[in-house]
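Participant: Next one to model:
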Amino acid sequence: MSRRWLQALTLLLAACSHPVDTSWHDETGYRWRTLDVPHRGKPGFTLLGPSKTGVAFQNTVSESLLVHNRILAQGAGVCLGDVDGDGRADIYLARTEGANALYRNLGGWR
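Facilitator: Numbers count the residues shown, from 1 in each chain. All right, here's what the predicted structure looks like:
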């Protein structure tokens, strides 16, 4: 492919792409922005174990509680947010019984 043709194709693709909105929208008590999701590849997730991520969390519920409320077996909750203001999403995991856990995102899947 000639250099001129490649330059023309690059300009055409740049002109057709939509600019990414990186502005934050301030709301009462929080802020948000639109997430740019690429439309290529396969959808889905890749399972990363505790040895890779450092996240080792379990929400166990005693049988005595489950006898009274089976819904408790479905979990207590999860929240993602930038707790420390470093630009990376941190993870807060809630337990039905026991202490909750906050995992700070250190980057590099740690």
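Participant: Please make it C-alpha for all contacts and neighbour counts, starting now.
Facilitator: OK.
Participant: For residue 26, see how far away residue 55 is.
Facilitator: 30 Å (Cα to Cα, to the nearest Å).
Participant: Compare those two (neighbour count), which wins?
Facilitator: The residue with more neighbours, out of residue 55 and residue 26, is residue 55; 17 against 10, by other Cα atoms under 10 Å.
Participant: where does the nearest residue to the more buried one once chain neighbours are set aside fall, phi/psi-wise?
Facilitator: Excluding the flanking residues, the one nearest residue 55 by Cα to Cα, 6 or more residues apart in numbering is residue 103, at 7.1 Å. Residue 103 adopts backbone torsions of phi -110, psi 110, taken as degrees, to the nearest 10.
Participant: what's around residue 103, how many residues?
Facilitator: 18.
Participant: Renumber starting at 16 from here on
Facilitator: Got it, the first residue is 16 from now on, which makes the last one we talked about residue 118.
Participant: List the contacts of it.
Facilitator: Contacts for residue 118 (Cα atoms under 8 Å, 6 or more residues apart in numbering) come out as 70, 105, 106, 107.
Participant: Please produce a PyMOL select command covering the buried subset of the residues you listed.
Facilitator: Restricted to buried positions by 16 or more other Cα atoms under 10 Å, the PyMOL selection for the contacts of residue 118 reads:
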select buried, resi 70+105+106+107
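Participant: and which of the contacts of residue 118 is nearest residue 94?
Facilitator: Set against residue 94, the nearest of these by Cα to Cα is residue 107 (5.1 Å).
Participant: That closest one contacts residue 95, doesn't it?
Facilitator: Yes: taking contacts as Cα atoms under 8 Å, residue 107 lies within contact range of residue 95: 6.3 Å.
Participant: Quick check: which ranges of the protein have low pLDDT?
Facilitator: Residue ranges of the chain with pLDDT under 70: 16-35, 53, 58.
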